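S.K.: Predicted model, plus sequence, below.
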Amino acid sequence: MSEATAPKAIEGTLGFIDERLGSTTFFKRNVKKVFPDHWSFMLGEIALYSFIILLLTGTFLTLWFKPSMTEVVYDGSYTKLNGVKMSEAYASTLDISFDVRGGLLMRQIHHWAAVLFMASIMAHMLRVFFTGAYRKPRELNWLIGLGMFTLGMLEGLFGYSLPDDLLSGTGLRITQGVTEAIPLVGTYIYMFLFGGEFPGDDIVPRLFTLHILLIPGVILGMVTAHMMIMWHQKHTAMPVKNQTEQQVYGYPFYPVFMAKTGAYFLFTFGVLALMGAFVQINPIWLFGPYDPGAISAGSQPDWYMGVMEGALRIMPNWEISAWGHTLSLNVLIPATVPLGIIFGGAGAWPFIEAWVTGDKRQHHVNTRPRNAPVRTATGMAAVAFYGLLWVAGANDVIADKFHVSMFALTWFFRVTVFVGPFLAFVITKRICLGLQRKDANVIGHGVESGIIVMSPDGKYSERHEPAREQERAVILSKENTRPEAPARDANGIPAPDTKGPLGHLRARLNRAWTFDDIPVEEHEEHGEVESGKEPKQLSH
Amino acid sequence: MKRFTAWRRRPWAGYAVVLAALAAIGVIYAGFSPQTDRAEAENTAQAAQDLANGKQLFNKNCASCHGLNAEGTKDAKGKPIAPSLIGVGAASVDFQVSTGRMPAMNPGAQMPRKEPIPEFNTSIKTDYSEPEKREEAEKQKALAEKNLADLRAYIASLAIGPAVPPASAVDPTKGDVALGGKLFRTNCAQCHNFTGQGGALTGGKYAPPLSGSDVTPTQIYEAMLTGPQAMPVFNDTTLTPKDKQAIISYLVQTREEPNPGGNGLGRIGPVSEGLAGWLIGIGLLVLAAMWITAKKPKKLKKS
Amino acid sequence: MSDDTKDTGGPEPREDGGPQGRVIGTPSPARDKALLAAGPISAPAGAGEELDEAAAKRAERIVAAFFLLAFAGSVAFIAYYIGWSGRHGGMHGVDRARESNFWLGGMMALSFLALAIGVTIWVRRLMTSKPIIQERHELAADEETRAAFAEDFLQGAADSGITKRPLLRRTLLLAAAPLGLAPLVLLRDLGPLPEKRLRHTFWGEAVKKAQAEGKKGVRLVVDGTNRPLRVSDFSSPGSMITVLPEGIEEDVPETEVLTQTAKAVTILINVPADQFKPAKGRENWHVNGIVAYSKICTHVGCPAALYEQTTHHILCPCHQSTFDATDAAKVVFGPAARPLPQLPLAEENGYLVATSDYHEPIGPSFWERG
């Protein structure tokens, strides 16, 4: 830290930049920025690093990929396709795989990175949701994250479509069918998207531009904003000892966090290289070139589109034909409603929660999932809904592997997609409350020590000891709900936010949020001791 | 010898032996299994005898369901239990019996592929090191081949039907692979998947996988020709023998092709890929994250 | 990180403004003081834990070993690439791609993972930094700053005259509105209008051409081999094959072939005559139980090609819409709402021919379909 000992090269460079940008003040303020530690805080980093790897490998691929649907007759080193008519896009993907050294590796790393990018965003969002890290002041970053996931789905779908193999063509065919079903303007959008009828020869070049320029550019901007906001607001912390709303406890950015995150970048790249080397993904040479008359069993999209696929599969065949027009509910509902519920619900949730609980404070310490049972249960209901639709997207693979009736399986999903979330809600909430009760016991009566004592009158009992300090800190992070102010005060005048139907709704939801809370309370004397101790802990 | 003894003690030696043994079995099996030469009867007397043997085998193994005259049977409500075998031809018999689907053990949604019953099992192990054991196995195999041939001849004698293709028609090295790929993707992949991994049908039925251990080139040809169970028929005038050979070549060469990108994940497409991404990718990275953020080991500190 | 730079002004008054010239968005001096205290509280900079030197030396050697392994991995990567991967005229074909993928990917993974493990051990065993505590500060500006900003903002608006001069304001809005629409207009040439394109297929054209030559209809050829099918060729009950109109490869411009195929592709099925129930008005659309249906699913357009000869179901492998081949391809199960359109067939000189186009649009439903 002392400038006297800094090597000349570093000092010179820093001086050069400082004199022109005034950067040293910034560095000084940030070099020791504290980052709280928890393994789940690194899930988002997987997404960040996968994105960097996607940019690197993607750039490599563009050097050889030809985004063209011009028909060529293949004559190359994958001899099984010699003499087959195919698009230049498909032929050049074969060349990348079989004639460019390292090309197959880069293709596989690129595709695995895409799979991991989406998977880690989802895992990260689940962590953020279940710990309440989206609460004020972090709603904007939550929305940016949702936006990135949505864009990532599109980006992935477009990338999947580029090689123009049988699977990607089938994906495009379904995209076209869904587009066509849009009321009023469907056929126009279809014609404009494909530059004529499906497949035409415009769609691959168009998707290529969107895939390599527009969408990654937007995602890059969102990633930057996401990181800057996170840096500025400081990361949330888990509700453990030393973490409070006013203070953050952890290792400094330089050198510890820098090294940790650097190591994690290397891990991400290493795991992706490992998968690229040893686990085959998207073997387009086996799928063959796109042919509108051909189809394969098990034609599935990548996992993040599985929800839409599942919804399309289990939807009953509702269609309205009237006055010379057709409304394909069997396509429109699955294409919009499930993801609409999930994304719309997720986007609105922080604001709905704040409205219901009336909590307008800033939060920097996360909640344990058990301490917000309604949130956790709602989250699990959403997970069940999403998960069931997702699994339904693989119903043919399941029917095949387990030799069950596909129709029965479809009916199973048609029912469980409604029942499952409900059950998940009830069960999760019960579990949360059970855990709360256990916590209350630990604080109220202590931990069973395993030591049996005999009282003077000969009674045996087990001695309970107070929990360890760390454990107590975690349990005591729970904020017991305070009784809501009565809807009418003593003079019979209603409280301002309980008026009207909306006010009633809010009051009822608020009761549902809080009514079965199990308060964690210490015995009087304990509380005295603890509150005396607290400041000392913080200052050491 | 001494060095060999030392090698034997190495930890990998056990795996190496198992691998070598598996490879040896594979090579020998590959050498023996696609036996397509069929002993043809030399003279009519012999043929009549064979036919009688075939009829006897039929009565013993098949007639309980298909009827004494192979006319098929129906239950009390007139619902067919087993189809008539008149006119199904030798190809159908060969396919059903040599893949073990017939004689069926119990009727279900679909007859699964299984080990053929001993009388018809032409793919038994014969590579015993003891000469007498090997001789016996070879004898049994020859008998099974004769039995199968006699049964085929008997069914074929009832009415004309598709015959077993000659070995030259199913040679997977001779067909046009590019054409085969196109025909396979247009007419077969919708059920059997793009590399023949199989797929689901309605009502718990399934299109079986077409891997090397499931089906021989001859059986593929016979299946196309006769359309066993739910599979549609592709007769020789719709897809000519040349087209069929192209399909067989594509399928056999593709299933023998190594996966250049590593483990093929069952070659069933994005479902297993998504699973691998979550389990391996996210799994390994979560372990890494847990390690990175774990509490520092205490013992390092100077006390 | 630019958002943080606004906090970086020290407590000293700025050169560019003096006490009054605080730039909008910079914090008040009062807040800056609070921020100064936001530094590490517990340990002074540089102070760390002391390590047991023997253990540290051991850890250092372990880390170094991993770094050396990473070095060896990347050297092997480069060596393999230069020395082996390009032998015998470069890497071509499945086997060489497999080998190259194995070595390049394996060495790359080794290199990155060894480096990652090395750095992690370094952090965990050799870095002496202690955890520190930092203050979290209020994100919102204080009342005074807000008020000052609001005043500046209103003052600026007033100075610009936009609040006072409605003509200026309204014409500006008027000018901006069409400018926003202009890019949308530019997108018009992305594609043609739908017109009647979705209502006919190449079967119609081909039939018309054949009938102009005095024939009954266009012959059906097998997709892939282009062989015209005779009725007798397709006589086995339970048969299925994919067919196209004869001439689709020759009579259509090359760039159009796939587009026309995507609409014209048809499955031909031989349904046993005793189970076939021809639909009303379509009694003569089949030839002895040989029927032709569009292969394009009416749900979202996958080829519905999975035919079970025992149940006579046609199943779409994408979303499991199921149609009954014996009963005019009526929907039995799944998300599709309409039967597969049927192609009228007839026999001419022993060949199977189609006598007209599909009578309804093939493929997924759309708004104007009716």
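M.R.: Cool, got the structure.
S.K.: most centrally placed residue in chain B?
M.R.: Compute the mean C-alpha point of chain B, and by Cα atoms, centre = their mean the closest residue is residue B:214, 1.8 Å away.
S.K.: Would you confirm that it contacts residue B:113?
M.R.: Yes: under the criterion of Cβ atoms under 8 Å, residue B:214 makes contact with residue B:113 at 6.1 Å. C-betas here are computed from N, CA, C, even on glycine.
S.K.: overlap in contacts of these two?
M.R.: Counting by Cβ atoms under 8 Å, 6 or more residues apart in numbering or on different chains, the residues touching both residue B:214 and residue B:113 are B:99, B:208.
S.K.: quick revisit: can you name the residues that contact the residue nearest to the centre of chain B?
M.R.: B:99, B:113, B:208.
S.K.: Enumerate the residues of the stretch 151-300 of chain C near chain B.
M.R.: Selection of the stretch 151-300 of chain C residues close to chain B by Cβ under 8 Å from any Cβ of the partner chain yields C:222-225, C:227, C:229-230, C:232-242, C:269-270.
S.K.: how about the strands in the stretch 1-150 of chain B?
M.R.: Per DSSP state E, counting those that start in this stretch, the stretch 1-150 of chain B carries strands over the ranges B:73-74, B:80-82.
S.K.: hang on, the earlier thing: which of the contacts of residue B:214 ranks first by neighbour count?
M.R.: When neighbours are taken as other Cβ atoms under 10 Å in any protein chain shown, the top entry among those is residue B:208 (25 neighbours).
S.K.: need the contact list for it.
M.R.: Contacts of residue B:208 (Cβ under 8 Å, 6+ apart): B:112, B:113, B:192, B:198, B:214, B:215.
S.K.: again, 7 Å this time
M.R.: Contact partners of residue B:208, counting by Cβ atoms under 7 Å, 6 or more residues apart in numbering or on different chains, are B:113, B:198, B:214.
S.K.: What is the nearest of these to chain C?
M.R.: residue B:198 (12.1 Å; Cβ to the nearest Cβ).
S.K.: tell me the contacts of that closest one?
M.R.: Residue B:198 neighbours (Cβ under 7 Å, 6+ apart): A:400, B:192, B:206, B:207, B:208, B:209.
S.K.: Weed out the non-buried ones from these.
M.R.: Buried residues within those, counting neighbours by 16 or more other Cβ atoms under 10 Å in any protein chain shown: A:400, B:192, B:206, B:207, B:208, B:209.
S.K.: is it true that the fourth one touches residue B:189?
M.R.: To tie it back to what came earlier, the one meant is residue B:207. No: contact criterion Cβ atoms under 7 Å: residue B:207 and residue B:189 do not qualify, at 9.8 Å.
S.K.: overlap in contacts of these two?
M.R.: By Cβ under 7 Å, 6+ apart, the residues touching both residue B:207 and residue B:189 are residue A:297.
S.K.: so how far is residue B:62 from residue B:47?
M.R.: 20 Å (Cβ to Cβ, to the nearest Å).
S.K.: neighbour-wise, which of those two wins?
M.R.: In this view residue B:47 and residue B:62 are compared by other Cβ under 10 Å, and residue B:62 has more residues nearby, 23 against 15.
S.K.: Tell me which of the strands of the stretch 1-150 of chain B approaches chain C most closely.
M.R.: strand B:80-82 (10.6 Å).
S.K.: in its sheet, what does that closest one sit against?
M.R.: strand B:73-74 (antiparallel) (DSSP bridges).
S.K.: Now do the strand it pairs with, average pLDDT.
M.R.: Strand B:73-74 shows a mean pLDDT of 80.
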